[in-house]
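> sequence below, structure please.
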Amino acid sequence: MCLQTLTGLRGTTDLTNDTGPTRLGYIPAIDGLRAVAVLSVVAYHLRPGLLASGFGGVDIFFAISGFVVTGSMMGQRFAGLPAMLSHFYARRLVRIMPALLAMLLATILINQMLIPEAWLSRAVPQTARFAFFGLSNIVLATDTDGYFGVQAGFNPFTHTWSLGVEEQFYLFFPFLLFWHQKLDSAKLDTARAVWLIGWVSAVSFALCGVLTWIDQKYAFYLIVGRFWELGLGMILCLTLPRWRPVLAAWPGTMRTALAIASAVCVAAALAVPEQGGFPFPLAIVPVLGTIGLIASVVSAPATPVARVLASAGPVAIGRLSYSLYLWHWPVFTLFRWTIGLETGVYQLTALALAFALATLSYFLIERPFRRRTKTSARRSKRVFARMAVGTIACASLGFVMLVEAQALSISVTRDHALWYADGDRPLDPAFTHCTVTAAWSARGGGNVDSWTPGSCTTPPASFRVFAIGDSHNTAYTPDYRQLAAELGVPVRSYFRPGCPFLRLIQPMDERRHCADYYRAFFDDLRSQGRPGDVVFLPGLRLTRLINQFGHDATHDTPVDDAPSPVAVAEARATLARLEAAGFRVVIEAPKPLFPAPPFRCADWYDRANPICADGFSIPRAKVLALRQGVFNEMTDLARRYPALSVWDPFPILCPGDPCRAFDTAGRPIMFDGDHLSGHGNDLVYPAMRDAIVGARR
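Okay, the predicted model is just below:
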């Protein structure tokens, strides 16, 4: 999204012609084009089926922004670069930051009150912190699953990525423009500056292609893959004296044809579904269409397309576009977290709320600050810039305090020890005989958490525990710490997302991205393990009933969780290898699965969410039937390999019929549909400990 484009130039725009600076009046059609862009983005975010590639509205904004921001500076003369920088950044700060700060502060406050911590919301605090400084796009590119991934839809700050791109563009823009103006003042050929911007844009476009091939999210989020879009708008403005007279001299039919062709280009770009070729090469379509429309409305404002864009409705929405972009996404995201955004009624309600907040933001924040900017034009720009920076610093401090203020939560999940299976849970004094030192390291593309006992009041164990898996391994973190504290046994826990170990229904070899992770684990067993050490293998080993975000695309597809012959052969080879090395192996039998994630549905304000519709119970016989094939295979493997024992937590977690995700006291056994809660760890710890100790007998 474009910062300057959306705050807009509501007065006049300074441009240049062959005889020097001139004033180009306000062009209503550009506000109309902003309306097209923001409505496309809003429609896509509200219901992707409404406009398959509506996210391309951001590309429209980028192209407009490059043109308008350049026009806002043309025709002005400065004593030197410092004066230009002071003027430019002061204007940008006061136009961009007030509405942005209001949205950020309000959103993080509501987020802290209502949204629980989880994998689904893991990137929210970090994105929020960096959004304050125009860097959220970097966080999103390096620490999330991408714009089209699940986490993006539940992060109320995802949309700030485009603000980051534009703010980073502003780091380069004034220097490029200053050089152009210096050449112009010296009556030298300004084409050199235009060619430089063109070459930089060409390199950016090439890098966009490379990054799209490497990982789409890098090209999507980072300035290096987006500069060209703003650069083309900048070039369009700088070359206006050359092309405007040419287009103005065209016959009316040709000007109309250009406008219609450009509009069709934009419409097609927004309507055709994205098939993995975005932003390279498909982003070129809305950008070129936008460039054509800008050229058309500037040179021929009387064409039918220009008149439609300049009509009252589109212009009014265009004026709201910056605030609407800022507020629509947090509103939609908070609806997803709470009551849901699936039904037409809730979608219309969310849309109305977004427009209401945008209107308030525009009239109470944007317009008043814009008027103050004009009033303060006679003041020292440096003084004004210092005041703006001071205000931002104070707001940033308050924002950081809100990000860290977990006490604001009204969710039941604020009882951290009850809900969360992590290393922050206190140890049980009744089972603690040693101090425990925790450490973390990166290994094989994954993480290794280790707990080393010390100062034991009872004789420490003479073996080690090596645990490996995916998130179902880290869900036992509290029990691993407790094991080290009670028995004095060193524990190493290996984790990489999406890398289960001996899942039995799917071969590990199919997960090629996990190969280094598995290899690192075996290397550590060879170098650090000893005969008699225990290898613990927790895991889901069934197809989950629901994710943290809801049902995936395969929900209605019949599931066959029968053991895979290839995976079973792989398990036999692995177990034979471990047994030959003297290790004892404990494999976890499948736990109960549930059709709704408790952490998403335990509060009064989210129980009506469609994700909660199937409830927190499931017939015991159904789960037993689902796991029967895997459980039988496990017991067969245990008969074949004496070093293997099967630990089954199912009777503890499902003592009656039906199985329930909460115990009789209302405490959560499960955090989501298939991961243990902190309380669930407490329930199974004695049995897990006994299974690990018993494996050595």
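> quick check: residue 646 is in a strand.
Yes - per DSSP: H, G, I helix; E, B strand; the rest coil, residue 646 lies within a strand segment.
> burial count for it?
The tally of other residues near residue 646 (other C-beta atoms under 10 Å) stands at 15. C-betas here are computed from N, CA, C, even on glycine.
> quick one: contacts for it?
Residues near residue 646 by C-beta atoms under 8 Å, 6 or more residues apart in numbering: 586-587, 589, 631, 634-635, 638.
> tell me which entries of the residues you listed lie within helices.
631, 634-635, 638 (DSSP state H).
> just the closest of those to residue 595, please.
Nearest to residue 595, judged by C-beta to C-beta, of the ones in helices among the contacts of residue 646 is residue 631 at 20.5 Å.
> count the neighbours of the closest residue in space to residue 525 that isn't next to it in sequence for me.
Leaving out its chain neighbours, the residue that sits closest to residue 525 by C-beta to C-beta, 6 or more residues apart in numbering is residue 466, at 6.3 Å. Residues lying near residue 466 (other C-beta under 10 Å) number 24.
> let me know the helix or strand that residue 466 is in.
Assigned by DSSP states H and E, residue 466 belongs to strand 465-469.
> for the record, mean pLDDT for that strand?
In this model, strand 465-469 has a mean pLDDT of 97.
> show residues contacting the helix or strand following it.
Next along the chain after strand 465-469, taking DSSP H and E as the criterion, comes helix 471-474. Residues outside helix 471-474 that contact it (C-beta under 8 Å, 6+ apart) are 119, 421-422, 449, 467, 493-495, 497, 500-501, 538-540, 674-675.
> then stretch 600-612?
Contacts of stretch 600-612 (C-beta under 8 Å, 6+ apart): 114, 116, 337-340, 342-343, 410-413, 546, 548-550, 596-597, 616, 668, 672.
> report the buried members of these.
For the contacts of stretch 600-612, a burial check counting by 16 or more other C-beta atoms under 10 Å picks out 114, 116, 337-340, 411-413, 546, 548-550, 596-597, 616, 668, 672.
> narrow these to those in helices?
114, 337.
> these two touch, right, residue 675 and residue 421?
Yes - applying C-beta atoms under 8 Å, one finds residue 675 in contact with residue 421, separated by 7.0 Å.
> anything in contact with each of those two?
Among the neighbours of residue 675, those also in contact with residue 421 (C-beta under 8 Å, 6+ apart) are residue 475.
> which ones are touching residue 477?
By C-beta under 8 Å, 6+ apart, the residues touching residue 477 are 421-423, 449, 493, 681.
> in which helix or strand would I find the residue positioned nearest the centre of the chain?
Centre of the chain computed as the mean C-alpha position; nearest residue by C-alpha atoms, centre = their mean is residue 152, 3.5 Å away. Here residue 152 sits within helix 150-153, counting by DSSP H and E.
> what mean pLDDT does that helix have?
Regarding helix 150-153, the rounded mean pLDDT is 88.
> what does stretch 107-117 give?
91.
> how about stretch 178-192?
On average, stretch 178-192 scores 80.
> again with stretch 647-666
Stretch 647-666 carries an average pLDDT of 96.
> quick one: buried residues of that stretch?
647-650, 652-654, 658-662.
> can you name every helix or strand that the one helix or strand residue 418 maps to contacts?
Here residue 418, judged by DSSP H and E, is contained in helix 416-419. Using 3 or more C-beta pairs under 8 Å, 6 or more residues apart in numbering; DSSP states H and E, the elements in contact with helix 416-419 are helix 678-694.
> dump the helix it packs on to CSV, restricted to CA.
What follows is helix 678-694 as a C-alpha-only set of coordinates in CSV (Å, rounded to 0.1, in the frame of the first residue of the first chain):
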residue,chain,number,x,y,z
GLY,A,678,0.3,-27.5,30.2
HIS,A,679,-2.2,-29.3,32.4
GLY,A,680,-2.2,-32.2,30.0
ASN,A,681,1.6,-32.5,30.6
ASP,A,682,0.9,-32.7,34.3
LEU,A,683,-1.6,-35.6,33.8
VAL,A,684,0.7,-37.8,31.7
TYR,A,685,4.1,-37.0,33.3
PRO,A,686,4.2,-39.9,35.8
ALA,A,687,3.3,-42.4,33.1
MET,A,688,5.8,-40.9,30.7
ARG,A,689,8.6,-41.0,33.3
ASP,A,690,7.8,-44.6,34.2
ALA,A,691,7.8,-45.6,30.5
ILE,A,692,11.2,-44.1,29.9
VAL,A,693,12.7,-45.6,33.1
GLY,A,694,11.1,-48.9,32.4
